[in-house]
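coords please:
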Amino acid sequence: MAKQVKPIPEGYHTVTPYLAVQDGAQAIDFYKRAFGAKEVMRSAGPDGKLSHAEIKIGDSIIMLGGMTSAELRAPQSLGASTVSIFLYLDNVDATFQQALSAGAKVTQPLADMFWGDRYGRLTDPFGHSWSLAQHIEDVAPAEMEKRAKEAMAQQQQQRAHA
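Alright, predicted model coming up:
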(Lines give C-alpha, C1' and ligand atoms only; values in the text may rest on other atoms or scores of the structure.)
Protein backbone atom coordinates (compact mmCIF):
# COMPACT_ATOMS: atom_id res chain seq x y z
CA MET A 1 0.00 0.00 0.00
CA ALA A 2 1.35 3.43 -0.94
CA LYS A 3 2.31 5.84 1.83
CA GLN A 4 -0.20 8.66 2.42
CA VAL A 5 1.23 12.00 1.25
CA LYS A 6 0.24 15.22 3.01
CA PRO A 7 -1.64 17.55 0.65
CA ILE A 8 0.25 20.53 2.15
CA PRO A 9 3.96 19.69 2.54
CA GLU A 10 5.53 19.80 5.98
CA GLY A 11 6.65 23.33 6.91
CA TYR A 12 4.34 25.09 4.43
CA HIS A 13 1.11 26.99 5.03
CA THR A 14 -2.00 27.03 2.88
CA VAL A 15 -0.94 30.30 1.21
CA THR A 16 2.65 30.74 0.04
CA PRO A 17 3.74 33.93 -1.74
CA TYR A 18 5.78 33.60 -4.94
CA LEU A 19 7.90 36.63 -5.83
CA ALA A 20 9.15 37.29 -9.37
CA VAL A 21 12.59 38.92 -9.21
CA GLN A 22 15.09 39.95 -11.85
CA ASP A 23 18.12 38.72 -9.87
CA GLY A 24 17.25 35.87 -7.56
CA ALA A 25 20.69 35.48 -5.98
CA GLN A 26 20.79 39.17 -5.01
CA ALA A 27 17.20 38.97 -3.74
CA ILE A 28 18.03 36.03 -1.47
CA ASP A 29 21.03 37.92 -0.10
CA PHE A 30 18.89 41.01 0.57
CA TYR A 31 16.13 39.01 2.33
CA LYS A 32 18.74 37.35 4.53
CA ARG A 33 20.21 40.72 5.56
CA ALA A 34 16.88 42.58 5.82
CA PHE A 35 14.57 40.04 7.40
CA GLY A 36 16.83 37.25 8.69
CA ALA A 37 15.59 34.88 5.96
CA LYS A 38 17.00 31.37 5.82
CA GLU A 39 17.59 29.82 2.40
CA VAL A 40 15.66 26.55 2.06
CA MET A 41 16.61 25.66 -1.52
CA ARG A 42 17.52 27.05 -4.93
CA SER A 43 17.76 25.68 -8.43
CA ALA A 44 19.26 27.10 -11.60
CA GLY A 45 17.81 27.15 -15.08
CA PRO A 46 19.63 26.09 -18.24
CA ASP A 47 21.33 29.52 -18.38
CA GLY A 48 22.81 29.01 -14.91
CA LYS A 49 20.69 31.78 -13.38
CA LEU A 50 18.36 31.14 -10.46
CA SER A 51 15.03 29.85 -11.73
CA HIS A 52 13.39 28.92 -8.41
CA ALA A 53 14.27 29.30 -4.75
CA GLU A 54 12.60 29.09 -1.38
CA ILE A 55 13.41 31.10 1.71
CA LYS A 56 11.93 31.01 5.19
CA ILE A 57 11.16 34.12 7.23
CA GLY A 58 9.95 33.25 10.71
CA ASP A 59 7.64 30.27 10.25
CA SER A 60 6.71 31.06 6.63
CA ILE A 61 8.09 29.94 3.28
CA ILE A 62 8.34 32.42 0.40
CA MET A 63 9.10 31.14 -3.07
CA LEU A 64 10.90 33.30 -5.60
CA GLY A 65 12.27 33.02 -9.07
CA GLY A 66 13.65 34.83 -12.04
CA MET A 67 11.40 33.21 -14.59
CA THR A 68 8.76 35.68 -15.74
CA SER A 69 5.95 35.43 -18.25
CA ALA A 70 3.06 37.55 -19.46
CA GLU A 71 1.18 36.54 -16.28
CA LEU A 72 4.03 36.95 -13.77
CA ARG A 73 6.46 39.84 -13.85
CA ALA A 74 8.95 41.40 -11.49
CA PRO A 75 7.68 44.72 -10.08
CA GLN A 76 10.57 46.57 -11.76
CA SER A 77 9.13 45.65 -15.17
CA LEU A 78 5.78 47.23 -14.17
CA GLY A 79 7.17 50.21 -12.29
CA ALA A 80 5.13 49.19 -9.23
CA SER A 81 4.21 46.28 -7.01
CA THR A 82 0.66 44.97 -7.13
CA VAL A 83 0.81 43.26 -3.71
CA SER A 84 2.39 43.78 -0.32
CA ILE A 85 3.76 41.05 1.88
CA PHE A 86 2.56 41.56 5.44
CA LEU A 87 5.19 40.51 7.95
CA TYR A 88 4.37 40.31 11.67
CA LEU A 89 7.46 40.65 13.87
CA ASP A 90 8.49 40.51 17.52
CA ASN A 91 10.45 43.77 17.17
CA VAL A 92 9.22 45.77 14.18
CA ASP A 93 11.44 48.79 14.94
CA ALA A 94 14.65 46.74 14.83
CA THR A 95 13.68 44.84 11.68
CA PHE A 96 12.52 48.04 9.94
CA GLN A 97 15.94 49.60 10.57
CA GLN A 98 17.70 46.38 9.56
CA ALA A 99 15.82 46.36 6.24
CA LEU A 100 16.68 50.03 5.62
CA SER A 101 20.35 49.26 6.29
CA ALA A 102 20.14 46.38 3.81
CA GLY A 103 18.82 48.69 1.07
CA ALA A 104 15.03 48.96 1.46
CA LYS A 105 13.29 52.33 1.03
CA VAL A 106 10.59 53.74 3.34
CA THR A 107 7.13 53.89 1.77
CA GLN A 108 5.34 54.66 5.04
CA PRO A 109 7.21 55.36 8.29
CA LEU A 110 6.49 53.24 11.35
CA ALA A 111 3.62 54.49 13.50
CA ASP A 112 1.18 53.15 16.08
CA MET A 113 -2.03 52.48 14.15
CA PHE A 114 -5.67 52.61 15.23
CA TRP A 115 -6.15 48.86 14.75
CA GLY A 116 -3.53 47.98 17.39
CA ASP A 117 -0.39 47.41 15.34
CA ARG A 118 2.86 49.36 15.10
CA TYR A 119 3.08 49.41 11.31
CA GLY A 120 5.14 50.74 8.41
CA ARG A 121 5.84 49.92 4.76
CA LEU A 122 9.04 49.43 2.78
CA THR A 123 9.94 48.75 -0.82
CA ASP A 124 12.78 46.30 -1.35
CA PRO A 125 15.47 46.83 -4.03
CA PHE A 126 13.54 44.48 -6.35
CA GLY A 127 10.33 46.53 -6.24
CA HIS A 128 8.33 44.39 -3.80
CA SER A 129 6.27 46.09 -1.11
CA TRP A 130 6.60 44.88 2.49
CA SER A 131 4.22 45.82 5.31
CA LEU A 132 5.98 45.31 8.65
CA ALA A 133 3.97 45.17 11.87
CA GLN A 134 4.07 44.30 15.53
CA HIS A 135 0.79 43.81 17.35
CA ILE A 136 0.86 46.13 20.38
CA GLU A 137 -2.79 46.34 21.48
CA ASP A 138 -5.95 44.24 21.25
CA VAL A 139 -8.74 46.57 20.12
CA ALA A 140 -12.41 45.69 20.53
CA PRO A 141 -14.49 45.90 17.31
CA ALA A 142 -16.57 48.90 18.47
CA GLU A 143 -13.45 50.80 19.53
CA MET A 144 -11.74 49.93 16.23
CA GLU A 145 -14.69 51.30 14.26
CA LYS A 146 -14.59 54.53 16.30
CA ARG A 147 -10.83 54.89 15.82
CA ALA A 148 -11.09 54.14 12.10
CA LYS A 149 -13.62 56.95 11.63
CA GLU A 150 -11.36 59.33 13.56
CA ALA A 151 -8.31 58.32 11.51
CA MET A 152 -10.18 58.79 8.20
CA ALA A 153 -11.46 62.22 9.30
CA GLN A 154 -7.93 63.24 10.27
CA GLN A 155 -6.59 62.10 6.88
CA GLN A 156 -9.28 64.12 5.07
CA GLN A 157 -8.36 67.23 7.10
CA GLN A 158 -4.68 66.77 6.25
CA ARG A 159 -5.49 66.46 2.53
CA ALA A 160 -7.64 69.58 2.67
CA HIS A 161 -4.78 71.59 4.18
CA ALA A 162 -2.13 70.20 1.84
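
contacts, neighbours, all on C-alpha from now
Fine.

can you give me the helices in the protein?
For the chain, the helices defined by DSSP state H occupy 24-35, 75-78, 92-102, 141-160.

The third one packs against which elements?
Spelled out, that is helix 92-102. With contacts taken as 3 or more Cα pairs under 8 Å, 6 or more residues apart in numbering; DSSP states H and E, helix 92-102 sits against helix 24-35, strand 129-135.

picking that back up, looking at the helices of the chain, which is closest to Asp59?
helix 24-35 (12.3 Å; Cα to Cα).

Does anything pack onto the closest one? Which helices or strands?
strand 38-44, strand 50-57, helix 92-102.

So which of these is the most surrounded?
Comparing the helices and strands packed on helix 24-35 by mean neighbour count (mean count of other Cα atoms under 10 Å), strand 50-57 ranks first with a mean of 19.

What is the distance between that strand and the centre of its chain?
14 Å (Cα atoms, centre = their mean, to the nearest Å).

residues of the lowest-mean-pLDDT helix or strand in the chain that come out buried?
Across the helices and strands of the chain, the lowest-confidence element by mean pLDDT, DSSP states H and E is helix 75-78, at a mean of 86. For helix 75-78, a neighbour-count test (16 or more other Cα atoms under 10 Å) marks Pro75 as buried.

Show me what that helix is in contact with.
20-21, 81-82, 126-128 (Cα atoms under 8 Å, 6 or more residues apart in numbering).

returning to what we had before: can I get the helices and strands packed on helix 24-35 in TSV with mean pLDDT and distance to Gln155?
Formatted as TSV, the helices and strands packed on helix 24-35 follow (pLDDT from 0 to 100; distance: least, Cα to Cα, whole Å):
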stretch	mean pLDDT	distance to Gln155
strand 38-44	94	39
strand 50-57	94	33
helix 92-102	98	24
